[in-house]
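1. based on what follows, work out the 3D shape:
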Amino acid sequence: MGLAAKTTTRMIKRRCRKAGISMTTNCHTFRATGITAYLLNGGTVENAQAIAAHESPRTTKLYGRRQDEILFDEVERILI
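-> Next comes the predicted model:
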């Protein structure tokens with residue numbers, strides 16, 4: 001049996017305070033960060049979808065920041 005959302009939220013907020021993270025956090029922040037980190041470290045969208053229990057891979061792809069990196073690399077090519 002999993003943790004209740006309220007308990008999980010309190011745990012995340014407490015650990016963020018201890019780590020000096022001042023941004024607003026909640027269960028979704030934690031989940032999104034985990035999925036994003038998994039994808040950035042070479043995880044597949046299919047496995048991330050299964051881990052996150054998303055019905056559609058389109059939902060999971062929203063967490064991938066690979067496109068942001070590609071766009072940043074393209075911006076770096078602009079010579080001023």
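2. where's the residue lying closest to Q49 once chain neighbours are set aside, which helix or strand?
-> Using Cβ to Cβ, 6 or more residues apart in numbering and skipping the chain neighbours, the partner closest in space to Q49 is T60 (4.2 Å). For the C-beta atoms, the positions are set from N, CA and C on the backbone; glycine is no exception. In the assignment (DSSP states H and E), T60 maps to helix 57-61.
3. which outside residues touch that helix?
-> I35, V45, E46, A48, Q49, A52, H54 (Cβ atoms under 8 Å, 6 or more residues apart in numbering).
4. now a PyMOL select for only the buried ones of those residues.
-> In PyMOL, this line selects whichever of the contacts of helix 57-61 come out buried by 16 or more other Cβ atoms under 10 Å:
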select buried, resi 35+45+48+49+52+54
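5. farthest pair in the contacts of helix 57-61?
-> I35 and E46 (12.6 Å; Cβ to Cβ).
6. would a markdown table of the contacts of helix 57-61 with secondary structure, pLDDT and distance to N26 be doable?
-> Output for those, formatted as a markdown table (DSSP: H, G, I helix; E, B strand; the rest coil; pLDDT from 0 to 100; distance: Cβ to Cβ, whole Å):
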| residue | secondary structure | pLDDT | distance to N26 |
| --- | --- | --- | --- |
| I35 | helix | 86 | 15 |
| V45 | helix | 90 | 24 |
| E46 | helix | 93 | 26 |
| A48 | helix | 91 | 20 |
| Q49 | helix | 92 | 22 |
| A52 | helix | 88 | 16 |
| H54 | coil | 90 | 18 |
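7. nearest to M23 among the contacts of helix 57-61?
-> The shortest approach to M23 among those belongs to I35, at 17.6 Å (Cβ to Cβ).
8. wait, doesn't the closest one sit right on A53?
-> No. Checked against Cβ atoms under 8 Å, the pair I35 and A53 is beyond contact range at 11.0 Å.
9. in this protein, what spans have low per-residue confidence?
-> 1, 65-80 (pLDDT under 70).
10. can you pull out the helices in the protein?
-> Along the chain, counting by DSSP state H, helices occupy 5-18, 27-40, 45-52, 57-61, 66-76.
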